[in-house]
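sequence first, predicted coordinates after that:
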Amino acid sequence: MASKKQISVGDLKIGGGERVLVQTMTNSNTEDIVSTLAQIEKVSALGCDLVRVSCPTAQSTIALQEIVKYSPIPVIADIHFNYKRAVEAIEAGAACVRINPGNTPFEGIKEIVKAAKYYEAAIRIGINSGSLEKNILDKYGEPSVDAIVESAIVNCHKLEDLDFYNFKVSVKSSDVRTSIMSYRKLSKEIDYPLHVGITEAGTFFPGSIKSAIGIGSLLIDGIGDTIRVSLSSDISDEVLVGRQILKSLGVLKNSVNIVSCPTCARTLIDVIGISTSLEKYCNSIHRNLKISVLGCVVNGIGEAKNADIGIFGFKKGVAKIYISGQEVDECPDSEAVEKVQKFIN
Ligand code: SF4
């Protein structure tokens, strides 16, 4: 049970039973329109649903007009400190603005809500353990689960008091347990869509694992409507890991699921090479397909029969290929990837 309330971000619906959406954030200079759009195009091709763009300067919100115009997916402006940037971003056509109540005074929030109502934009209340409001930190002494959740609820009420409801909420912490506990607690208190993620999760390998544990645990509980994997890595990695988390839970439509064995002394073909090449190739294939790559006949035939495309080692260096459960080819394992690509197409 994801959130019951549904909001609109551009032409996308979030919450209320809609599919979980994948989000990432550009790391180019927003004023550099060409580079920013190139990043957006790249992640969109990989299946990213929403993209967030930092708007720290007035020049960046001017650039945002062009970015929004040509972006293939809805653009969310990321705002800190100066509410005027949020108002400008909404005027520039941003589908949503992410605001951090820890550094945005209420007078500013009022102006942002006024603009969001007029332009039918959404807002994300982005609570972050690293930038909680001073009064809440003073009360709790540290960015605890209770502190984070209280900040979120107080700010939901602020928007409701302004008669604004088209918003989602995030309560991120760089600590996996704190994030999970905060989202679990918050989801019992409010019914707005939740954007989930582990903030500042780290570099590719540890960050992916932290995110899979955090986001995965929440999604299994039915918590989360949009996700972002925050990595100190290429932004494409965030999208691929995010999609993989959804894929692993069986909630990602139109994606290729590759089943491959860990290899052992029985392995007859280059399982690691074939599955890695196919995985790369399939990152931009948005169709429901199951492909199995196994090193020998032990489980190879069974998995091949249960997959749309199955490859397994039959003799040393020789692969058999099955399509829809039927044997269609036998070839040197070095040719298997090319043959499968042809079948996919
Ligand atoms: S499928 Fe065959 S090669 Fe792969 S791990 Fe199992 S026994 Fe080993």
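Alright, I've got the coordinates. Residues are numbered from 1 along each chain as shown.

now the residue of the stretch 151-300 of the chain found nearest the ligand: closest residue in space that isn't a chain neighbour?
Closest contact between the stretch 151-300 of the chain and the ligand, by C-beta to the nearest ligand atom, is at G295 (2.7 Å). Yep, even glycine has a C-beta here, placed from its N, CA and C like the rest. Spatial nearest neighbour of G295, excluding adjacent residues (C-beta to C-beta, 6 or more residues apart in numbering): T267 at 3.4 Å.

so that neighbour sits against G313, correct?
Yes - between T267 and G313 there is a contact at 6.4 Å, judged by C-beta atoms under 8 Å.

any common contacting residues for the two?
G295, C296 (C-beta atoms under 8 Å, 6 or more residues apart in numbering).

who's more crowded, these two?
G313 (27 against 16; other C-beta atoms under 10 Å).

which residues does the more buried one contact?
T267, L268, I269, V271, L294, G295, C296, V297, G300, A319, D333.

neighbours of the closest residue to K247 other than its chain neighbours, how many?
Distances taken as C-beta to C-beta, 6+ apart put S255 closest to K247, at 5.2 Å, once the chain neighbours are dropped. When neighbours are defined as other C-beta under 10 Å, S255 has 17 of them.

ok, D329 next?
15.

go ahead and confirm it touches F314.
No - here D329 lies out of contact with F314, judged by C-beta under 8 Å, at a distance of 10.8 Å.

any residues in contact with both of these two?
K320.

which residues does the residue of the stretch 151-300 of the chain closest to the ligand contact?
Shown in contact with G295 (C-beta under 8 Å, 6+ apart): C261, T263, C264, R266, T267, L268, I269, V271, F312, G313.

can you list the residues of this structure near the ligand?
C261, P262, T263, C264, R266, T267, L294, G295, C296, V298, N299, G300 (C-beta under 6 Å from any ligand atom).

does the last one lie in a helix or a strand, and which?
Just to be clear, that refers to G300. helix 297-305 (DSSP states H and E).

mind listing what's buried in the helix or strand containing L246?
Assigned by DSSP H and E, L246 falls within helix 235-248. Within helix 235-248, the residues scored as buried using 16 or more other C-beta atoms under 10 Å are 235-247.

and of those, the nearest to S44?
Within the buried residues of helix 235-248, the smallest distance to S44 is 8.9 Å, found for V239 (C-beta to C-beta).

pretty sure the closest one sits against Q39.
No - when contacts are counted by C-beta under 8 Å, V239 is not listed as touching Q39 (10.7 Å).

how is the protein divided into domains?
Domain ranges of the chain: 6-248, 256-344, per automatic domain parsing.

if you average pLDDT over the longest one, what comes out?
To tie it back to what came earlier, the one meant is domain 6-248. Confidence for domain 6-248, expressed as mean pLDDT, is 96.

what do you get for the last one?
In this model, domain 256-344 carries a mean pLDDT of 96.

how about the helices of the stretch 151-300 of the chain, start to end?
176-189, 204-220, 235-248, 271-282, 297-305 (DSSP state H, counting those that start in this stretch).

report the contact partners of G16.
Taking C-beta under 8 Å, 6+ apart as the contact definition, G16 lies against A2, S3, K4, K5, Q6, P193.
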